[in-house]
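>>> Could you work out the structure for the sequence below:
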Amino acid sequence: MAKKMVPLPKKKITYKKGKGDTRYVYYTLRAYRNEKGQPTSDEISIGKLDNATGMLIPNMNYYELFPEYAPEKTVRSVGYISSFMEIAQKLSLTNLLVDAMGQERAKTALSLASYMLSQGNVMMDYPSWMQGNYHDDLVPLSSQAISEFFASITEEERIRFFKKWTNRHKTDGYIAYDVTSISSYSNDMNLVEWGYNRDDDNLAQINLGMYYGEDVGLPLFYKIYPGSIVDKSYFESVLAYSRHFGLKKLRIVMDQGLLSPKNFKMVCDVGYKALSLLSKNYKLYKELIEETVKKPFSSREFIGSVDIYSRSYEANYEGIPVKVHMYYNSEKATLNEKALYADIKRKKEALELIVKQKTLKPSQTKYFKIHQKGQTDISYEMDYDAIDEFKSKLGYFALISTDMSLSAEEALTIYREKDVVEKAFDQLKNGMDYRRMRTHYAQTTEGKTFVVFISLIVRSVMIKKLKGNEETSDLTIKQAIKQLENILELHSEGKRNLLTISKMQRKILAAIGVEQFKK
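Coordinates of the predicted model:
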């Protein structure tokens, strides 16, 4: 690297000889006479003379005396962005993106994903954020260039990545599948339609279905589809993608909203296993609950690890051999019983006000016997048999599985872990501000969702590691990122000097497995 040279000061300089031809330059700070009356001075070294040019090769003292010649210094954040990139590399996320998109496009995707994890869904602030952060692979982009990049991500690139990613993280455990809605203000996007909005937004939406590996703790695949299509209907398409990726032994745990004979049959036909909550409205549940309440649970049927009774049945679900695990939670039954009597009280009070109506709705009379004479003479009494029937079935729920070897305890554990995908949706929509899209065209939306999915992968890993470490378990992901962003580096004259790393920052780096800043 060429040495920086500056003009010699015109006054107050002296020279001192060094080794060989070296001459050090000193600057006189103060000239005065000492106690003996002899002339003397206070001097400070400001560098050495360049013999070829007659100019000064300065040191830091020179810049303090003559700040107008000081080289530009910048302090940039390196802790968070370096941690993100290292985690992505260790997950093989970087290499798989390169394989799917090419090196430069993969760098761009990771740069934007790192920003979204830290800053959220508003992309217009990316250029200023990038100026305050440093990494060799951080790509500078304008707001317009970001939109163009999102729109340029093709379906082929996404599918190539998902195929490699899902096969990289093949699992013998269960994959949780669920669906969420993402609202939009756009009126010009063909994906955006009115449907069941899970956030109660009075807006049109897209639907996003996601696979999440329960044991690997990672998002594996997602697919966007129009907001008006019901979840049950789109499940066939999701299974088709699974087969296209070459996934031959999937075990899928899903919500009761996806349960249908058609979907269960499709799962069986492709050799997959499925586990779901069995709706209390289904005929099979109604048949088994009647059989279950006839025989009280014994102590042998108590699952001590979760304080719940269970009983399993082999059954036939629309021609499909299944195992149904019926559970009874006494604590839940007590709470539900209190809620039942509160509901009876409300309906009784309401009924007293409306008994003179000509007609009553079934929901108003389900706990009562109604006696009616003529058009207006209506009376009622408590239907204790109906109430006892309701009460006898409180605290029960059932899981239905195509895996006949699954025990009741195993099935319950697997189903309860399904909340990993719900937590991922919460991270996506609230943690990264993706509850509402800020795009207006389908291609841009598809590309942006792909990048935020990449961000979600790294976020999931960071949260899991932070919570799994005693030193950092109390930290939120936002607090951890803020700490990492305060790891700074001084850039001056082509040199990079890492500033002091705090004790807490080192704990976070150790917890998430980042080794770059170890010394």
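>>> what residue ranges in the stretch 301-450 of the chain score low on pLDDT?
Along the stretch 301-450 of the chain, segments meeting pLDDT under 70 span 355-359, 374-376, 435-436, 438-440.
>>> taking the mean pLDDT, what do you get for whatever helix or strand residue 130 lives in?
Following DSSP states H and E, one finds residue 130 within helix 126-131. Mean pLDDT, computed over helix 126-131, is 88.
>>> What of stretch 74-89?
Stretch 74-89 shows a mean pLDDT of 92.
>>> Which positions within it qualify as buried?
76-88 (16 or more other CB atoms under 10 Å). Bear in mind the C-beta positions are built from the backbone N, C-alpha and C, glycine included.
>>> Can you tell me what sits against that stretch?
Applying CB atoms under 8 Å, 6 or more residues apart in numbering, the contact partners of stretch 74-89 are 93-95, 110, 113-114, 117-118, 132-135, 137-138, 454, 458, 461-462, 481, 483-492, 498-499, 501, 505, 509, 512-517.
>>> now the strands: where do they sit in the stretch 101-250 of the chain?
175-184, 204-213, 218-226 (DSSP state E, counting those that start in this stretch).
>>> Nearest to residue 36, out of those?
With CB to CB, the closest approach to residue 36 among the strands of the stretch 101-250 of the chain belongs to strand 218-226: 80.0 Å.
>>> coming back round to it: any of the contacts of stretch 74-89 buried? List them.
Buried members of the contacts of stretch 74-89, counted by 16+ other CB under 10 Å: 93-94, 110, 113-114, 117-118, 133-135, 137-138, 454, 458, 461-462, 481, 483-485, 487-489, 501, 505, 509, 512, 514, 517.
>>> part of a helix, is residue 352?
Yes: counting by DSSP: H, G, I helix; E, B strand; the rest coil, residue 352 is found in a helix.
>>> Could you report the neighbour count for it?
Here the number of neighbours of residue 352 (other CB atoms under 10 Å) works out to 9.
>>> same thing with residue 432?
Under the neighbour criterion other CB under 10 Å, residue 432 is assigned a count of 20.
>>> sorry, back to before: ok, which of the strands of the stretch 101-250 of the chain comes nearest residue 361?
For residue 361, the closest of the strands of the stretch 101-250 of the chain is strand 175-184, at 30.1 Å, according to CB to CB.
>>> what about that closest one, distance to the chain center?
The chain centre lies 12 Å from the centre of strand 175-184; the measure is CA atoms, centre = their mean, to the nearest Å.
>>> buried ones in stretch 42-58?
Using 16+ other CB under 10 Å as the test for burial, stretch 42-58 gives 43, 46, 47, 48, 49, 55, 56, 57, 58.
>>> Need the residues that contact it.
Stretch 42-58 has contacts (CB under 8 Å, 6+ apart) with 3-9, 13-15, 18, 21-30, 59, 61-62, 65, 69.
>>> ok, the nearest residue to residue 155 once chain neighbours are set aside - contacts?
Using CB to CB, 6 or more residues apart in numbering and skipping the chain neighbours, the partner closest in space to residue 155 is residue 446 (7.5 Å). By CB under 8 Å, 6+ apart, the residues touching residue 446 are 150, 153, 155, 158, 224.
>>> Filter those down to the buried ones.
Neighbour counting with 16+ other CB under 10 Å marks 150, 153, 158, 224 as buried within these.
>>> so what's the first one up against?
Put plainly, it is residue 150. Residue 150 sits next to 439, 443, 444, 445, 446, 447, 448, 451 when contact means CB under 8 Å, 6+ apart.
>>> For these, which two are the farthest from each other?
Greatest spatial distance in those: 443 and 451, 13.0 Å, computed using CB to CB.
>>> And the two? Which one has more around it.
When residue 443 and residue 451 are compared for neighbours, residue 451 comes out ahead with 23 against 16, by other CB under 10 Å.
>>> Count the neighbours of residue 31 for me.
Residues near residue 31, counting by other CB under 10 Å, number 11.
>>> Can you say which helix or strand has it in it?
strand 23-33.
>>> Quick one: distance of that strand to the chain centre.
Offset of strand 23-33 from its chain centre (CA atoms, centre = their mean): 62 Å.
>>> would you turn the contacts of residue 446 into a markdown table with pLDDT?
Listed next are the contacts of residue 446 as a markdown table, based on pLDDT from 0 to 100:
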| residue | pLDDT |
| --- | --- |
| 150 | 93 |
| 153 | 95 |
| 155 | 94 |
| 158 | 95 |
| 224 | 83 |
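>>> returning to that earlier point: give me the subset of the buried ones among the contacts of stretch 74-89 that lies in helices.
The helices, defined by DSSP state H, take in 93-94, 110, 113-114, 117-118, 454, 458, 461-462, 481, 483-485, 505, 509 from those.
>>> Residue 491 and residue 131 touch, don't they?
No: Residue 491 lies out of contact with residue 131 (CB atoms under 8 Å); the separation is 11.9 Å.
>>> Distance of residue 274 relative to residue 32?
According to CB to CB, to the nearest Å, residue 274 stands 92 Å off from residue 32.
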